[in-house]
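1. From the sequence below, what's the structure:
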Amino acid sequence: MSTIVIADTGSIPDWVSDLEAFRRWARSDDFPESGTISYLDGAIWVDNSMEQLFTHNQVKAAITAPLVLLVQQMQSGRFVPDRMLYSNVAVGFSTEPDGLYFNWSTVQSGRLKLIEGADGGFVELEGIPDMVLEVVSRTSVRKDTVVLRKSYWEAGISEYWLVDARGANPAFEILRHTSEGYVSTETGAAGIFSSVFGKSFRMLKRTDPLGNPEFLVEHS
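-> Now for the predicted structure:
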């Protein structure tokens, strides 16, 4: 039986003892519809905490919206929002990123596969996408900054976008893959350059009419 890491509570079948068993469970009707459950480093991680509106939910939206539009304009591939199962068998993990992107050629070459569910439709991505996104929350600090950073690098993903908006100013990084690990891309006059999208990005923070934080992602 795998080690079980539980942030709150969860019911995990006894037969879920390895990555392949976890993937079968994740694609089944018995898999919980709420919370975030991952298989990382031979352990099952369960996080049932509620998503924070301003430092997580709205940050994801601020990044997802412009990327979806940009990818559609470029006609280069597809940006996939959160709640999609992503697995890498070679490294041995399965999780639900806050977002990911793949180029058409990445699927055509077989580097990334679209996995069908038992009842039809595609319910999982397996292999190596071109970019992944994670937004740090109170309960995901170690997972996002240590465990997934290592796993995504070992998988060979070109860019890891890591955002922590819990402080006074949002920390936005585009981590690029190198032979020694992920390295943070320097910020230029136009923002942080993404080799995956061929654009520079920057995240701005302002205040809405109710006095709450609002985030905007620009590219050029």
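
2. ok, now which ones touch the closest residue to residue 171 other than its chain neighbours?
-> Computed as C-beta to C-beta, 6 or more residues apart in numbering, the closest residue to residue 171 that is not its neighbour in sequence is residue 164, at 4.4 Å. Every C-beta, even on glycine, is put in place using the N, C-alpha and C of the backbone. Going by C-beta atoms under 8 Å, 6 or more residues apart in numbering, residue 164 touches 135, 136, 170, 171.

3. buried residues in stretch 23-35?
-> 23, 25, 26, 27 (16 or more other C-beta atoms under 10 Å).

4. Work out for me the element the first one sits within.
-> Using DSSP states H and E, residue 23 sits within helix 19-26.

5. C-alpha coordinates for that helix, CSV please?
-> C-alpha atoms of helix 19-26 as CSV (Å, rounded to 0.1, in the frame of the first residue of the first chain):
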residue,chain,number,x,y,z
LEU,A,19,0.5,4.7,-10.2
GLU,A,20,-1.5,2.6,-12.7
ALA,A,21,-4.0,1.8,-10.0
PHE,A,22,-4.3,5.4,-9.1
ARG,A,23,-4.9,6.4,-12.8
ARG,A,24,-7.7,3.7,-13.1
TRP,A,25,-9.3,5.1,-9.9
ALA,A,26,-8.9,8.7,-11.2
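
6. quick one, helices of the protein?
-> Ranges of helices in the chain, per DSSP state H, are 19-26, 58-74, 104-108, 141-142, 148-155.

7. coming back round to it: for the helix holding residue 23, give the mean pLDDT please.
-> Here helix 19-26 scores 95 as its mean pLDDT.

8. I'd like the distance between the residue nearest to the spatial centre of the chain and residue 148.
-> Central residue of the chain (C-alpha atoms, centre = their mean): residue 97, 2.4 Å from the mean position. Going from residue 97 to residue 148 by C-beta to C-beta, to the nearest Å gives 8 Å.

9. Name the residues contacting each of the two.
-> residue 134.

10. Any stretches of the protein with poor pLDDT?
-> 1-10 (pLDDT under 70).

11. distance between stretch 70-89 and the chain's centre?
-> Centre-to-centre, stretch 70-89 and its host chain are 10 Å apart (C-alpha atoms, centre = their mean, to the nearest Å).

12. now stretch 39-58
-> For stretch 39-58, the distance to the chain centre is 11 Å (C-alpha atoms, centre = their mean).

13. Give the buried residues for that stretch.
-> 39, 40, 44, 45, 46, 47, 52, 55, 56, 58.

14. next one: stretch 71-82
-> So, applying 16+ other C-beta under 10 Å, buried residues of stretch 71-82: 71, 76, 77, 79, 80, 81, 82.

15. and the end-to-end length of stretch 188-202?
-> 10 Å (C-alpha to C-alpha, to the nearest Å).

16. What residues sit buried inside that stretch?
-> Applying 16+ other C-beta under 10 Å to stretch 188-202 flags 191, 192, 193, 194, 196, 197, 199, 200, 201, 202 as buried.

17. Would you mind putting those residues into a markdown table with distance to residue 13 alongside?
-> Below are these laid out as a markdown table (distance: C-beta to C-beta, whole Å):
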| residue | distance to residue 13 |
| --- | --- |
| 191 | 45 |
| 192 | 42 |
| 193 | 45 |
| 194 | 40 |
| 196 | 37 |
| 197 | 40 |
| 199 | 44 |
| 200 | 46 |
| 201 | 41 |
| 202 | 45 |
